[in-house]
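Colleague: coordinates for the following, if possible.
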Amino acid sequence: MIVGRHVELAEHHHQSYAVVDEEVTNLTSHEVQFRVSAYGRTGFGPASNPSLPVKIPISETDLATSAGAPLAPGRPTVIAVDGQGVLLEWTPPVADVHSSPPQGYQVEYRVYGSRDWIVANEQLVQENVFTVESLRPNGVYEFRVRGKNQDGLGHPSMSSGGVAIRPAAPQRHVPARKVSESVQPPGQPQMVEVGDDVVKLEWAPSVQNARYIVEYREVGDPEWHTANYDPIVQNGIQVEGLHRNSTYEFCVISIVDNIASQPSETSDIIHLRPTCNTSALRPAPNILEAPEFLEVDGDKITICWLPAQSQLPVMGYDVEFRDLQQDDRWYKVNDQPVFACKMTVGDLIMDHDYQFRVLAHNASGCSQPSPPSDFVHIEPSTNRFSSDTMESPHLGHHDVVKYVEAERFGAVPLLQEEMVRESPPLPERDDSPPPLRRANNNVQWRDPSLKEVIEYLSSADKDKQLNASGYLQHLTYTDNQIKEETREYGGIPKLIALLRSDTPRIQKNACACLKNLSFGKENDANKLAVMEADGVRLIAEVLRTTHDASVKEEAAAALWNLSSADMLKPVILESATEILSQQVIAPVLAVGTSDPTRHFGSTLFKNSTGVLRNVSAASQQARRRLRDIPNLIEALVHFLTHAIQKSQVDSPTVENAVCLLRNLSYRIQEVVDPNYDPAAAHSSSSKNMKHVASPKPEKKKKDKEKKKDKNPKNIVTGPSVLWQPHVVKLYLKLLQDSSNIETLEASAGAIQNLAACQFPPSAEVRAAVRVEKGLPVLVELIRLPEDFVVCAVATALRNLAIDPRNRELIVSGKYALRDFLDKLPEPGSPRRSAISDQTIGAVLGILFEIVRSSAAYTKDVHELKGTDKLRALSRSYPTYSHRVCKYASQVLYVMWQHKELHDGFKRSGLKEADFYSGTARRGDSSTLARPISSQGRERPSMHQLDETLSSGGGYGTMESNNRAGTLRPASATSQTIQRRYDQVPRDGPVYSSVQKPSPRGGGGGGNIDDSWV
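Modeller: I've put the predicted structure just below:
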């Protein structure tokens, strides 16, 4: 069932999508595209195809003032934010032959959501950094930059997006002035007026000539923030920019001769709500009478009150309480207005005394609080005051007074039938239990603080453990601040201790909390804390021992999020991979003739494949260990076969399975040669043989047939399944039918890896792709706009082109060759950001195979203007990387080796020196002659290779997805160039590893969000 939809936006020709509202404003790009994805209780479906490009009318203020003005600089990035300003940084515009470089920059800003841009600097900024000051605290702004030269003001950069100006860092713990007890503090600040986001305060003066600093904080925030940097003389202030519908407290510090006093007494708790306008014709409700007790039952109490007197309809009531044994402050009980004149308050503390008061709302504002009720003592008795005890002869005078509501109205049965409205439902996809003990719809429970919740986790009472872990799961669903505080308050070790509980519901809640706490790259510190507390091993133990399917599902989800961190992958490999493989994935082979659809479609199966997908990218040891797990590869192939038969090829589980098989196919020759060295293998094969077609063994074939007859049930098992023709056929079918670009990339990467080695199965794979008519499918995918898919496809074709017959079919007809050359930049044009160096390098690898094999193909390259592109590319450093320039030079060198084409080259105005331009040396073509393997974007950060055919990108798991700004998986890590025990030497083959797209807005970044759940 579809619960809702997400609308996403991206600039035309860019693939980074960001989630937007249904009504989109403040567009900064001149051409955008939209797409939609639906989501339900089980997650997000695939995104729709992009809309046609929508052109946004260009404002006059966004136009350059003349043709020679600079191009737009890079999008400004916010480096730092303080209470009243931001520090911005941006990259200069790309070089343009039609305009001179900018002489300086003009920085502009506007309030987020408004139209007009304001110039922030009076003089041109000479550097690529600038601080915008005098911004409103807690305001939201966006920024852009424009270059300026002698020809005028250039095009504006893209907007930075909304940036919140946070309050200044707390000053309470590091006072700027000396504090002395001799300076008298001012009086307690009193509220004069309160609005939606503003509070007006006054206080009793301290001493003559004193000045004042006001501090504030939200209730529950341990840090104090400064409202005014410069001391004020008057004993009153209006604090603005506060969070709507929040609760604050204030204090004041006296300053005399630059010496500060101790803070004043803290103000009463102030709720931000509209105030009564005394001049209005229809005022706020009158003050209510004190509430009275209707029923006390253990740790909950029912109170009632008389309706408010109001000239306008009463829109609801707020109930507040205080417990003098903790402090004398009043706390709000209900999240939403109460519409009945009665409320049941629960979760009160035994042997404590409570008071209550009530406030009423109408359209004009909120009334003043009612007088407090009498104190009521909470003790472990049941139904001390109820309709069953009213007639009891033992009911004392005090009890009758408490039950005065029944005497006054005689309507107790009606009140008992009335229901208190519940708070809004939890967000979609947050399957955590409701807040503490919310099952009784007639009770309004007091929300505990985060510290209290974490303390409840270590309670001996299992009910409290269950309720606290469920509530913490709800709190940590999307709030990164809560996740950080949970770690700082020691919540992670307590959650891990709950994994040992014998109650499945407690185990489930604990796993779900750990899942939420470890979601996202920004929460890597939480992942490390889980590992240090032995959490990975205990989660794996829960998977092994529990029989509850929901507990297994949450445990696997937690491991998926944890496995996005490189430092945890070895631990998960040792602790959990055998369990997941043998208990979840491998058993699909034992399903028999029954329909396995339900098992394949389960969240547990998806989560388990996600964990193995991440772990398989960790190291050579991880690949070998996973290949050796009995029935794992066979089960994955069986699942893919079933998914293709059911036309379910776009699911996240299919994506996980293909990525896992692609990773296991990396350096597949290791299966038969444990000491396989790609560089040495290529060197020996180059010396001993030239490119030949796929082998056609005759005697061996007959011998095989004889053996097959002797053992007709001889079925291939284990790692050898990876290179079987029926598996290659599955990849080709996915390349034809899938619309999931991650699946497309992984399928092409699997074929790329299988065809990259020098042992006979790689030659058989090259032949199998040709026999299954897979070459046209791959050539067609070269035209896709997604660069990382094109890179994987181009590299796969380059490895397949080692086979001469494949090479002939790939370039038969100039249309395929034209597609390859279209990926190379035009001479003299600015760099196309949509095509990466990795993709260009892969295309140059195909061209190398083409031109060195045939003079006819080389002539076709020349006639399609390929020579001009290669010459320009060979001299394009540093616009393109040194390696790309070297590759282009190598292709040119090989083109000149065809002597029969020299006359044609000379008629085109070219000479021998034109084919030796760039960075390559004569005869230096060894690099392009090597096949290329790939782990795609699954390679962890320590496995980064060459900067041209490899790029950063770890891989993440579960919470909000993150691809291109959706709630899909996102990249988890960046990669660095570092040599490892399983990294090839510089002279060996090049292994590509492509960067995953940024998360939404994330992203991704952020958000890349690096997880899926």
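
Colleague: what residues go with each domain of the protein?
Modeller: As given by the TED database, the domain ranges for the chain are 77-165, 189-272, 292-380, 448-561, 565-674+717-722, 766-914.

Colleague: so how far does the first one reach from one end to the other?
Modeller: Put plainly, it is domain 77-165. 14 Å (Cα to Cα, to the nearest Å).

Colleague: distance from the chain centre to that domain, please.
Modeller: How far domain 77-165 lies from its chain's middle: 27 Å, per Cα atoms, centre = their mean, to the nearest Å.

Colleague: can you show me the CA trace of stretch 258-269 as PDB?
Modeller: Listed next in PDB are the C-alpha coordinates belonging to stretch 258-269 (Å, rounded to 0.1, in the frame of the first residue of the first chain):
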ATOM      1  CA  ASN A 258      33.600  44.800  33.600                       C
ATOM      2  CA  ILE A 259      33.200  42.400  36.500                       C
ATOM      3  CA  ALA A 260      30.300  40.000  36.300                       C
ATOM      4  CA  SER A 261      28.000  38.700  39.100                       C
ATOM      5  CA  GLN A 262      26.700  35.200  39.500                       C
ATOM      6  CA  PRO A 263      23.600  34.500  37.400                       C
ATOM      7  CA  SER A 264      20.300  35.600  38.800                       C
ATOM      8  CA  GLU A 265      17.600  33.200  39.900                       C
ATOM      9  CA  THR A 266      16.300  31.300  36.900                       C
ATOM     10  CA  SER A 267      12.900  32.500  35.500                       C
ATOM     11  CA  ASP A 268       9.800  30.400  35.600                       C
ATOM     12  CA  ILE A 269       9.400  28.100  32.600                       C
END
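
Colleague: and the lowest mean pLDDT element among the helices and strands of this structure?
Modeller: strand 991-992 (a mean of 30; mean pLDDT, DSSP states H and E).

Colleague: over to Val36. Which of the three states is it?
Modeller: Using DSSP: H, G, I helix; E, B strand; the rest coil, the structure places Val36 in strand.

Colleague: give the bridge partners for it, please.
Modeller: Val7 (DSSP bridges).

Colleague: since we're on it, how many residues are nearby?
Modeller: Neighbour count for Val36, taken as other Cβ atoms under 10 Å: 15. Using the backbone N, CA and C atoms, a C-beta is placed for each residue, glycine as well.

Colleague: doesn't Trp203 make contact with Ile232?
Modeller: No. Look at Ile232 against Trp203 with Cβ atoms under 8 Å: they stay out of range, at 11.3 Å.

Colleague: who has more neighbours out of those two?
Modeller: Trp203 (23 against 15).

Colleague: for the longest helix seen in the chain, give the mean pLDDT please.
Modeller: Taking DSSP state H as the assignment, the helix of the chain that covers the most residues is helix 837-853. Helix 837-853 carries an average pLDDT of 86.

Colleague: how about it: buried residues?
Modeller: 837-853 (16 or more other Cβ atoms under 10 Å).

Colleague: returning to what we had before: which neighbours do Ile232 and Trp203 share?
Modeller: Counting by Cβ atoms under 8 Å, 6 or more residues apart in numbering, the contacts common to Ile232 and Trp203 are Tyr212.

Colleague: contact partners for the closest residue to Pro630 other than its chain neighbours?
Modeller: Leaving aside its chain neighbours, Pro630 sits nearest to Ala586 (6.9 Å; criterion: Cβ to Cβ, 6 or more residues apart in numbering). By Cβ under 8 Å, 6+ apart, the residues touching Ala586 are Ile629, Pro630, Asn631, Leu632, Ala635.

Colleague: show me the contacts for the first one.
Modeller: Same thing as Ile629. Listed by Cβ under 8 Å, 6+ apart, the contact partners of Ile629 are Thr577, Glu578, Ser581, Gln582, Ala586.

Colleague: what about 7 Å?
Modeller: Glu578, Ser581 (Cβ atoms under 7 Å, 6 or more residues apart in numbering).

Colleague: Ile715: neighbour count?
Modeller: By the measure other Cβ under 10 Å, the count of residues near Ile715 is 8.

Colleague: now do the contacts for it.
Modeller: Contacts for Ile715 (Cβ under 7 Å, 6+ apart) come out as none.

Colleague: specify the local secondary structure of it.
Modeller: Applying three-state DSSP: Ile715 is coil.

Colleague: Glu265 belongs to a strand?
Modeller: No. Per three-state DSSP, Glu265 lies outside any strand segment and is coil.

Colleague: measure it to Pro189 for me?
Modeller: Using Cβ to Cβ, to the nearest Å, one obtains 8 Å as the distance from Glu265 to Pro189.

Colleague: remind me which residues of the stretch 701-850 of the chain are low pLDDT?
Modeller: Scanning the stretch 701-850 of the chain for pLDDT under 70 picks out the ranges 701-714, 813-815.

Colleague: secondary structure class for Gly470?
Modeller: Assignment for Gly470 (three-state DSSP): helix.

Colleague: what's around it, how many residues?
Modeller: Gly470 has 24 nearby residues by other Cβ under 10 Å.

Colleague: is it true that it touches Asn509?
Modeller: Yes. The pair Gly470 and Asn509 passes the contact test of Cβ atoms under 7 Å, sitting 4.9 Å apart.

Colleague: ranges for the strands of the stretch 451-600 of the chain?
Modeller: For the stretch 451-600 of the chain, no strands are identified by DSSP state E, counting those that start in this stretch.

Colleague: those helices in it, which residues are they?
Modeller: Secondary structure of the stretch 451-600 of the chain (DSSP state H, counting those that start in this stretch): helices at 462-475, 480-488, 491-498, 504-517, 524-532, 535-545, 549-562, 569-575, 577-580, 597-600.
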